[in-house]
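Asks: After the sequence you'll find the predicted model.
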There are 2 protein chains.
Amino acid sequence: MTTTQFDNVALTTQANVYFDGKCVSHSFRLADGTQKSVGVVLPAELTFNTGAAEIMECVGGACEYRLKGSDQWLRSQAGERFEIPANSSFDIRVSEAYHYICHYA
Amino acid sequence: MTTTQFDNVALTTQANVYFDGKCVSHSFRLADGTQKSVGVVLPAELTFNTGAAEIMECVGGACEYRLKGSDQWLRSQAGERFEIPANSSFDIRVSEAYHYICHYA
């Protein structure tokens, strides 16, 4: 099941732009103070580093990802999620737009 | 003054992607039902069509815009806004990222 909407959030108006716009997100905060972001990765192959652990939940499109230390590319599509440990990284490749929610674990 | 945050909104998780990602926005709804979006235009020169009239409020970066029927390019930067009539269009050119709120008038 895909999360299509978050209610009662505080939305930051300025976007986060990564990799010359290959990834764009907007940050928001739930009523309980939890920080998240919604974003999209456009067709590209990119490497993201994590500080805190993250859960990437796909809400549209699809990607393939490869966690640090793995040589296996896995697919994630709408309604699916994958976790990245803290202080790690993952490669992502996208051939159609990958729409996501980033949860900090 | 720049609007940095909207409180108590319902945020749509899937992005709107225009012009191969040269413009990305996320839609949201205020508690009173008003629809708006936050987005970013990356370096490009684009033409947008309006259905409803729109107010574009800049919250970061800058653009130059030219309303339909005008030959004058005008600059808009953080804290400034411009209006586009309904069923019209405007050209926009951006050399750094232009972050905006789109209000429907």
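Replies: All right, it came through fine.
Asks: A:Asn8: helix or strand, and which one exactly?
Replies: Take DSSP states H and E as the rule and A:Asn8 turns out to sit in strand A:5-12.
Asks: which is the next helix or strand following that strand?
Replies: strand A:16-18.
Asks: Report the buried residues of that next one.
Replies: Neighbour counts over strand A:16-18 (16 or more other CB atoms under 10 Å in any protein chain shown) mark A:Val17 as buried. Backbone N, C-alpha and C define where each C-beta goes, glycine included.
Asks: ok, whichever helix or strand comes after that strand near chain B or not?
Replies: As assigned by DSSP H and E, the chain's next helix or strand after strand A:16-18 is strand A:23-29. Yes. Applying CB under 8 Å from any CB of the partner chain, one finds strand A:23-29 touching chain B at A:Val24, A:His26, A:Phe28.
Asks: roughly how far apart are the last one and B:Asp71?
Replies: This points to A:Phe28. For A:Phe28, the distance to B:Asp71 equals 40 Å [CB to CB, to the nearest Å].
Asks: next one: the second one
Replies: For A:His26, the distance to B:Asp71 equals 34 Å [CB to CB].
Asks: If you count surrounding residues, which of these two has more?
Replies: Per other CB atoms under 10 Å in any protein chain shown, whichever of A:His26 and B:Asp71 has more neighbours is A:His26, with 25 against 6.
Asks: returning to what we had before: reformat the residues of strand A:23-29 next to chain B as a markdown table; add distance to A:Ala53.
Replies: Compiled in a markdown table, the residues of strand A:23-29 next to chain B are given as follows (distance: CB to CB, whole Å):
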| residue | distance to A:Ala53 |
| --- | --- |
| A:Val24 | 22 |
| A:His26 | 21 |
| A:Phe28 | 19 |
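Asks: Point out the residues in chain A that sit beside chain B.
Replies: A:2-15, A:17, A:20-22, A:24, A:26, A:28, A:38-40, A:42, A:59-60, A:97, A:99, A:101.
Asks: Relative to A:Glu57, how far out is A:Thr3?
Replies: 6 Å.
Asks: Name the residues contacting each of those two.
Replies: A:Ile101 (CB atoms under 8 Å, 6 or more residues apart in numbering or on different chains).
Asks: can you give me the strands in chain A?
Replies: A:5-12, A:16-18, A:23-29, A:35-41, A:44-49, A:54-67, A:74-77, A:81-84, A:89-94, A:98-104 (DSSP state E).
Asks: Just checking: what are the partner strands of the fourth one?
Replies: Note on strand A:35-41: by DSSP bridges, its sheet partners are strand A:23-29 (antiparallel), strand A:98-104 (antiparallel).
Asks: could you dump the ones you listed to TSV with mean pLDDT?
Replies: TSV is the format used below for those (pLDDT from 0 to 100):
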stretch	mean pLDDT
strand A:23-29	98
strand A:98-104	98
